[in-house]
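*Asks:* Kindly return the folded structure for what I paste below:
(chains A and B)
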Amino acid sequence: MPSYNPKVIEPRWQKLWEESKTFRTPDAANKPKYYILDMFPYPSGSGLHVGHPEGYTATDILARYKRMRGFNVLHPMGWDAFGLPAEQYAIQTGTHPAVTTQNNINTFRRQIKMLGFSYDWDREVDTTDPNYFKWTQWIFLVLFDTWYDAEQKKGRPISELPIPAEVKSQGDKAIRTYRDSKRLAYQAEVPVNWCPALGTVLANEEVIDGKSERGNHPVVRMPLKQWMLRITDYAERLLDDLDTVDWPVAIKEQQRNWIGKSEGAEVDFALPSEPEALAKRGPSSLTLQALTIRVFTTRPDTLFGATYMVLAPEHALVDAITTPAQAAAVAAYKKEAASKSDLERTELAKKKTGVFTGAYAINPVNGESIPIWIADYVLATYGTGAIMAVPAHDERDFEFARTYNLPIRPVVLPPKDWLEATKVFKVLQRFFKDPHYSAGMALIKDPKVSTLSQDEAALLGRMTSLLVRGFDNPLTMTEEIYRSWITTFAECFSDEGTAINSGSFTGQPTASFKASIIAWLEKEGKGKRKINYKLRDWLFSRQRYWGEPFPILHEIDSAGNPTGVIEALTASELPLELPKLEDYKPTGNPEPPLSKAKDWLFVEKNGKRYRRETNTMPQWAGSCWYYLRYLDAKNDKAFCDSAKLKQWLPVDLYVGGAEHAVLHLLYSRFWHKVLFDRGHVPCAEPFKRLVNQGMILGETRYYAGDTFYTEDEIVAEGGKYYKKDDRSVELTPRADKMSKSRGNVINPDDVVNQYGADSLRLYEMFMGPLEATKPWSMRGVEGVYRFLNRVWRLAIDDRHEAVKLLDAVQDVEPDKETLRLLHQTIQRVTDDLDTMSLNTAISAMMEFTNHLTKQTVRPRSVLKTLVLLLSPFAPHIAEELWQALAELPSPSGRGVGGEGNHTLAYEPWPTYDPNLLKADTIEVPVQINGKVKAKLTVAADIGKDALEQAARNDDKVKSQLEGKTIKKVIVVPGKLVNLVVG
RNA sequence: GCCGAAGUGGCGGAAUGGCAGACGCGCCGGACUCAAAAUCCGGUCCCCGCAAGGGGGUGUGGGUUCAAGUCCCACCUUCGGUACCA
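*Replies:* Have a look, this model is predicted:
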């Protein structure tokens, strides 16, 4: 038997590790801690795919390496198990989602264990376990109990919220309402994506082109009372603290964009208060004169160019300001806008639409009366839902103004180089440089020949002299030119420049204008400095069964109607478990399925009647804090013991897919900061270092239209690809995402079956840099499998019946060369592990193996070191070889399983001696004018002068230098010699 | 459009500013074998040349430098994210 047989040795070692709990992590240890975390998976019904083991292998290698480096390593795994698929399955079959979920978890656990990861399984978590979600609910109660103190920039207990006197005077109910309005968890009426076919609300990311991601059902927008989390209060800190974490810049940038901080001003536009106008609108608009429309702008310096205003169709004041004459048109437009999803709105963004309300507002800087429109290019959810439109300097306003013929007034003069950078200018300039310019001019003016429009030709005429002069003299930008430019080329300028047409502010550059106008607005009480965020509050409730129930009660009166009073459960009442349902089918309306559980729904407490909250939490809830639960997974007194939090936090290394760049990672950070503010965790950021593994694509295929061929059916020639047996068709190579429909999914089970877990692990790391997107290749797996076979045969006699060392393995000192290469390999592998360059670490071991293969005598000590280096990558074969190579159980090895089985998992990591790295002689290239012309073999420690002499004396160099003079000599000892000749 | 990443052999990919293509795959040749598989040894960037040797070469065009895949400027392409955010 003992040729390399992963099918036998892998299960054997997995069993040993499991039975003796080799990787159990003690909480107390006199070692430095290292917390390595994987993004835990959603256990889907289709099982593990090869993308999962990529990150898991990388972290496992690091975990095993750090253990050998003497760290107390925490490396846990668990399940993000709430989610829609199990519920859909329940609807179809009646099987409880918990059953489906446990089956899927079992499959995932089996598959993950099959890969030999060194998780501490005693810390396994499952977000659907009541003992887990008890604490998810508990954290929700913390959010519910917290308000954000903007002055202290900190979340504080709701009991510490100062109650304004006028609220206090209105009694308990007012105080209650006031408190509820300040909590981090609050209820609000918001538009949601309701999918009637699925009977649920969907998250934005679950809606594609106005249809549900699953099943392609239509989705409508409707307002529903929802639970929201006030993440916007933490926007600034979520932004600032990005500077304190070691994350990929791309992810930080994505989070910054998502938070979307912009600085500017809020400006109030008053409505004119002519009594006549008011009377016409009837009693509903009696308060009109008190109304102002508040806008947010990042460009208060363009206020003088505001020629109209636009409200979002959903803006609260639309009906109040609309004149009777416009009422019908406005109503129709509002209806149309409401029926469109956000996506449809943006899809149809090419053409801007809108309707005049009939109302006017007063521009606070110049008292001008400007028309108010509604248009769906203004979003109700951003800023104040209303804008001042400056068509001369905003692309969107510009386009809208052109469509509806609204006035465009330039108030910012672009700098000169803006004009020169425009595409049109470049074309013109090229044209003017043309020696056939005069002839060209004649042609351009000839409408039969010219491709320019009449307007363009006219502008060309007007600008000719200016532009011609412009080659030699600086071009002067004037309002006249800018105006022509806008009208002719439909290009507006939206950057910073110099103010024109702006009253006493004229002449100021944009930056100083902004500052001075904000000061003016604040003095006049017409506006103020304002920072706005794109980030919106987090819609936290779902109309689903399979999620965490909210620990919230709604008080009801004797008729069963809600009184508006909400009460949180106490910690002692947790967990609030899900009721069993007979029928998981959607209710057909937005009433969540939990409303069907009549026994569960109503409770009496302190003599009052309550109805439970029937929404459930989104899937993100459980994954927001799972990294904390691992530290103390079985604690039933707290979500985690505080000493353990102090010991283990923050996570030292977090590895997962970039698809979670924003949502999961932002939500987690938010919860963590709230817990931090409330004193439950000891640090402000949860994940110190983050690494994203890249996506693994399917095997490269070679396409001709829709038909494709595999690598061995094609032939490459001159950078092009053809079918082997028919060269008439050129093929295009492409690697696609793995998907069932493309039929290119690689199943890890199959790979392990054929080559073993060690080969799968090794291949996934050898493919390329961890962060890179890379295509799968079965041939590549074969390659690393052959490598492991070679390592095996370095030590083991594969023709022998028992696992027996080859005679070549001897207790002798390694020769000089082998010793040098060994230490070099230790260095390379160690350095590569520290930088997570796992692909090159494997290359280094391959090179050393290739060297050893050629040796007829293989010192046992050398093989043992190689095995230790290999062990984090391919632990099973390493353990097996370690056992064969080690005559005695190593005293430092923790016993695993039965007699004679000793793991290498806690062996000290090999160290290298820098003095042994150097060879006695090295090859140094000699360049002449930067090109390598000769190579010298010299002593490694040769001095600068000696090296130059050696180069000059070299025959090849001499012949190259014949008849030339050396102008300069560069000698880099140990590296090269470069002779510069004339 | 904006933000981010990346462009290197037939393929995956290596290269603190210092010999481009490590390592693996594939391919070619050889050994072993009756034969095949497996394994082992050698070769393999392109062009000219029997060879010795010579020339070219890291998306494109410029630049810095004795020396550039690597640094700087401009552009092109691909991938990922995001998108009326005022």
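
*Asks:* Give the burial count for residue A:818, as a bare number.
*Replies:* Using other C-beta atoms under 10 Å, residue A:818 has 18 other residues around it. (Each C-beta comes from the backbone N, C-alpha and C, glycine too.)

*Asks:* what does residue A:176 give?
*Replies:* Going by other C-beta under 10 Å, the residues that sit close to residue A:176 add up to 14.

*Asks:* Make sure I have this right: it is in a helix.
*Replies:* Yes. Residue A:176 sits within a helix when classified using DSSP: H, G, I helix; E, B strand; the rest coil.

*Asks:* need the contact list for it.
*Replies:* Applying C-beta atoms under 8 Å, 6 or more residues apart in numbering, one finds that residue A:176 lies in contact with residue A:565.

*Asks:* where do the strands sit along the stretch 401-550 of chain A?
*Replies:* Along the stretch 401-550 of chain A, counting by DSSP state E, counting those that start in this stretch, strands occupy A:412-413, A:498-499, A:527-533, A:538-539.

*Asks:* Among those, which comes closest to residue A:104?
*Replies:* For the strands of the stretch 401-550 of chain A, proximity to residue A:104 was assessed by C-beta to C-beta; strand A:538-539 is nearest, at 26.8 Å.

*Asks:* The closest one close to RNA strand B?
*Replies:* No. Judged by C-beta under 7 Å from any atom of the strand, strand A:538-539 stays clear of RNA strand B, getting no closer than 14.2 Å.

*Asks:* Okay, now the sheet partners of that strand, with direction.
*Replies:* Strand A:538-539 has its sheet partners listed here by DSSP bridges as strand A:220-229 (antiparallel).

*Asks:* Buried residues, the strand it pairs with. List them.
*Replies:* When burial is assessed from 16 or more other C-beta atoms under 10 Å, strand A:220-229 yields the following buried residues: A:221, A:224, A:226, A:227, A:228, A:229.

*Asks:* Mean pLDDT and distance to residue A:8 added to the strands of the stretch 401-550 of chain A, as TSV?
*Replies:* Shown next, in TSV, are the strands of the stretch 401-550 of chain A (pLDDT from 0 to 100; distance: least, C-beta to C-beta, whole Å):
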stretch	mean pLDDT	distance to residue A:8
strand A:412-413	90	76
strand A:498-499	90	80
strand A:527-533	93	59
strand A:538-539	88	51
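
*Asks:* which one of these lies closest to residue A:559?
*Replies:* strand A:538-539 (30.1 Å).

*Asks:* And the contacts of the closest one?
*Replies:* Contacting residues not belonging to strand A:538-539 are listed as A:190, A:192, A:203, A:226, A:227, A:228, A:229, A:231, A:618, A:667, A:670 [C-beta under 8 Å, 6+ apart].

*Asks:* What's the mean pLDDT across stretch A:360-369?
*Replies:* Within the predicted structure, the mean pLDDT of stretch A:360-369 is 92.

*Asks:* hmm, I was thinking of stretch A:620-637
*Replies:* Along stretch A:620-637, the predicted local confidence has a mean pLDDT of 95.

*Asks:* end to end, how far does it reach?
*Replies:* This stretch, stretch A:620-637, spans 24 Å end to end (C-alpha to C-alpha, to the nearest Å).
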